[in-house]
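Q: Quick one: sequence and predicted model below, then my questions.
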Amino acid sequence: MEQSVVRLTHCQKDIFCFSVPDNCPHCGGALRGGRLQEAPVSLPSPFSNGHKTSCCLLIAPAHDNLSREFDGMSDLHTGISNMSGVVYNYTRSGVGKQPTGWERCVSVPLVRPDMFHLLAQWDQYLERFSEGSLWDPAWHRFDEDDHNCFSFCLQFINSVLAAEGRSPLSRDAFIHSFILPKMRRVSKYTTLYQHIQRHRYYLVDRQEDTPVTTETRTPNDQRD
Ligand SMILES: [Zn+2]
């Protein structure tokens, strides 16, 4: 069970931990009952339950991938959720429709909540697209590099864009603008999380201007 990361501030330090300690790990001053500079804040996890999403691209990072910087799409599983959280994803055996198994993944919303006409047709689009011969193992071979779970998602997104009269996204544009920023956040959060698991706290000089809800400094602070 994942714990949530809490940030609090004391003696000009940001302190990240799972629960507020009695004393400041930096100066030893009392925290509980003592005066904090501000109330502890929970950091939002970058992960969500894919089955509680609708119309999202879902990315499930492979476990051994979590601690390093993401450099591409290898070792990631991707799928698309329908209106009721069933995840359509393409593998060697064709398109699977999974009601479970995507409980911890990163979600990228594909439809704005006000696009009612798209929402109304989403399930039908997805169903019809999945039945295409491109994804039928009898007609087309799955290929690790060129014809994989990500091809399925990108081509589906492009078919929706085409139906909306919009131009398609290239693979590179999609990876760089939608996926990599999310995966960088996952990587930072995971590094921070693992540091807290090992050392109980992560301390860093207080950053007045850092909006901690969106970006978090981590032990291996990486430049973007
Ligand atoms: Zn202190």
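A: Everything's here; your move.
Q: moving C-terminal of the longest helix belonging to the chain, what's the next helix or strand?
A: Taking DSSP state H as the criterion, the chain has its longest helix at helix 180-199. Following helix 180-199 in sequence order, the next helix or strand is strand 202-205 (DSSP states H and E).
Q: Just the C-alphas of that following strand, formatted as PDB.
A: What follows is strand 202-205, C-alpha atoms only, in PDB (Å, rounded to 0.1, in the frame of the first residue of the first chain):
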ATOM      1  CA  TYR A 202      14.400  14.000   2.800                       C
ATOM      2  CA  LEU A 203      15.600  17.500   3.600                       C
ATOM      3  CA  VAL A 204      16.300  20.300   1.300                       C
ATOM      4  CA  ASP A 205      16.900  24.100   1.700                       C
END
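Q: May I have the strands that pair with it, each with its orientation?
A: strand 13-17 (antiparallel) (DSSP bridges).
Q: next one: the strand it pairs with to chain centre, how far?
A: Relative to the centre of its chain, strand 13-17 is centred 23 Å away, using C-alpha atoms, centre = their mean, to the nearest Å.
Q: before we move on, what about stretch 104-115?
A: 11 Å.
Q: now do stretch 44-53
A: 7 Å.
Q: Tell me, what's the model's pLDDT at the closest residue to Arg185 other than its chain neighbours?
A: When the adjacent residues along the chain are set aside, Arg185 lies closest to Pro46, with 4.8 Å between them (C-beta to C-beta, 6 or more residues apart in numbering). Every residue, glycine included, has its C-beta placed from N, CA and C. We have a pLDDT of 91 for Pro46.
Q: was I right about Pro46 contacting Ser187?
A: No: Pro46 is not in contact with Ser187 according to C-beta atoms under 8 Å; the separation is 9.1 Å.
Q: where does Tyr88 fall, phi/psi-wise?
A: phi -90, psi 120 (degrees, to the nearest 10).
Q: now the residue lying closest to it once chain neighbours are set aside: how far from Ser130?
A: Take Tyr88 and drop its neighbours on the chain: the residue closest to it by C-beta to C-beta, 6+ apart is Ile80, 5.1 Å away. Applying C-beta to C-beta, to the nearest Å, the value for Ile80 to Ser130 is 9 Å.
Q: More neighbours: those two, which one.
A: Applying other C-beta atoms under 10 Å to Ile80 and Ser130 shows that Ile80 carries more neighbours, namely 29 against 21.
Q: got the angle between the one helix or strand that one maps to and helix 180-199?
A: Element membership of Ile80 [criterion: DSSP H and E] is strand 76-81. Per axes from the mean of the first three to the mean of the last three C-alpha atoms, to 10 degrees, the angle that strand 76-81 makes with helix 180-199 is 120 degrees.
Q: Output strand 76-81 in PDB with nothing but the alpha carbons.
A: Provided in PDB are the C-alpha atoms of strand 76-81 (Å, rounded to 0.1, in the frame of the first residue of the first chain):
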ATOM      1  CA  LEU A  76       6.200   0.800 -20.800                       C
ATOM      2  CA  HIS A  77       2.800  -0.600 -21.300                       C
ATOM      3  CA  THR A  78       0.200   1.700 -22.700                       C
ATOM      4  CA  GLY A  79      -3.600   1.400 -23.100                       C
ATOM      5  CA  ILE A  80      -6.700   3.400 -23.600                       C
ATOM      6  CA  SER A  81      -9.600   3.500 -21.100                       C
END
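Q: Could you list the paired strands of that strand along with their orientation?
A: In the sheet, strand 76-81 lines up with strand 56-61 (antiparallel), strand 87-91 (antiparallel) (DSSP bridges).
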